[in-house]
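Engineer: sharing a sequence plus its predicted fold:
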Amino acid sequence: MIIDYFGYRWPHYKYHVFRDEYENITTQLPAEHIDILLRTMVYRPFIDRYQHVLEYEKENPKHLHARYTWNDPEYKSYMRGLISVLEPRSEPAGTTLIEEQDEFLEVIFFTKGRYSIGYSLNGQEQVVQTFTCNTAGNAIGAYGVTFHKRAVIIYTTVGICRGHFVRKKNWHSMLDDLDPTLCRIIKRSFV
């Protein structure tokens, strides 16, 4: 199990390009170029898949339905913070990700695979709906982690699921570092 974990993590942990031995190179690049690398090359599939989750409408915009973009310093800070704490994740079919009444310890962003949600009745798990992760994704646990809620349904992988996750402590520290207005908008989007 641990060999499978690191066997997947090491080749798929993309943010290492901006840390450790590469840090010297990236500190020499202008911030705009790092942003372009992050959003158009390194994390493009993730950003495209979760665009509907990662886009937020501005409060009191000058234009109707104006949204935050990478041109807004607050949003850029949020996206850099999110990308910096993403960790790769791969789960085999049949893995129970979260049981009823479990505390959410992470926010999961699957980009490939299938998972189901359901509940337990008289010791039998009942599947309610199955999701395919090759279309717009769902942020599993975002509400629970953000508002310290326990799970009310069971999440189980149906096929091999791959993507990323953010640990609870990293999620909260990322939100704490945000502009208060953007943080309020993001929290409201999970309700």
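Structural biologist: It's in.
Engineer: which residues in this structure form helices?
Structural biologist: For the chain, applying DSSP state H gives helices covering 2-12, 23-26, 31-37, 44-49, 51-54, 73-85, 142-147, 168-176, 180-189.
Engineer: mind putting these in CSV, distance to residue 111 included?
Structural biologist: Glycine gets a C-beta too; all of them are placed from N, C-alpha and C. Shown next, in CSV, are the helices of the chain (distance: least, C-beta to C-beta, whole Å):
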stretch, distance to residue 111
helix 2-12, 10
helix 23-26, 24
helix 31-37, 19
helix 44-49, 5
helix 51-54, 12
helix 73-85, 14
helix 142-147, 15
helix 168-176, 18
helix 180-189, 20
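Engineer: among those, which is nearest residue 161?
Structural biologist: Closest approach to residue 161 among these (C-beta to C-beta): helix 2-12, 11.1 Å.
Engineer: residue 157: which of the helices of the chain is closest?
Structural biologist: Proximity to residue 157 (C-beta to C-beta) singles out helix 2-12 among the helices of the chain, at 13.5 Å.
Engineer: so for residue 109, which of the helices of the chain sits nearest?
Structural biologist: Closest approach to residue 109 among the helices of the chain (C-beta to C-beta): helix 44-49, 6.8 Å.
Engineer: measure the residue nearest the centre of the chain to residue 157 for me?
Structural biologist: By C-alpha atoms, centre = their mean, the chain has its centre lying nearest to residue 109, at 4.3 Å. Using C-beta to C-beta, to the nearest Å, residue 109 is found at 14 Å from residue 157.
Engineer: so which bits of stretch 106-113 are buried?
Structural biologist: 106-113 (16 or more other C-beta atoms under 10 Å).
Engineer: which phi and psi does the residue lying farthest from the centre of the chain have?
Structural biologist: Farthest-out residue of the chain from its mean C-alpha position, per C-alpha atoms, centre = their mean: residue 122, at 33.0 Å. Residue 122 has phi and psi values of phi 50, psi 40 when expressed as degrees, to the nearest 10.
Engineer: let's have the chain start at 49 instead
Structural biologist: Yep, numbering from 49; the last one is residue 170 now.
Engineer: mind checking pLDDT for it?
Structural biologist: What the model reports for residue 170 is a pLDDT of 80.
Engineer: what of residue 119?
Structural biologist: Confidence score, pLDDT, at residue 119: 82.
Engineer: pull the number of nearby residues for the residue nearest to residue 191 when sequence neighbours are not counted.
Structural biologist: Of all residues not flanking residue 191 in the chain, residue 238 sits nearest, at 4.5 Å (C-beta to C-beta, 6 or more residues apart in numbering). Residue neighbour count, defined by other C-beta atoms under 10 Å, stands at 14 for residue 238.
Engineer: from what I see, residue 238 and residue 193 are in contact.
Structural biologist: No - judged on C-beta atoms under 8 Å, residue 238 makes no contact with residue 193 at a distance of 9.1 Å.
Engineer: noted, bye for now.
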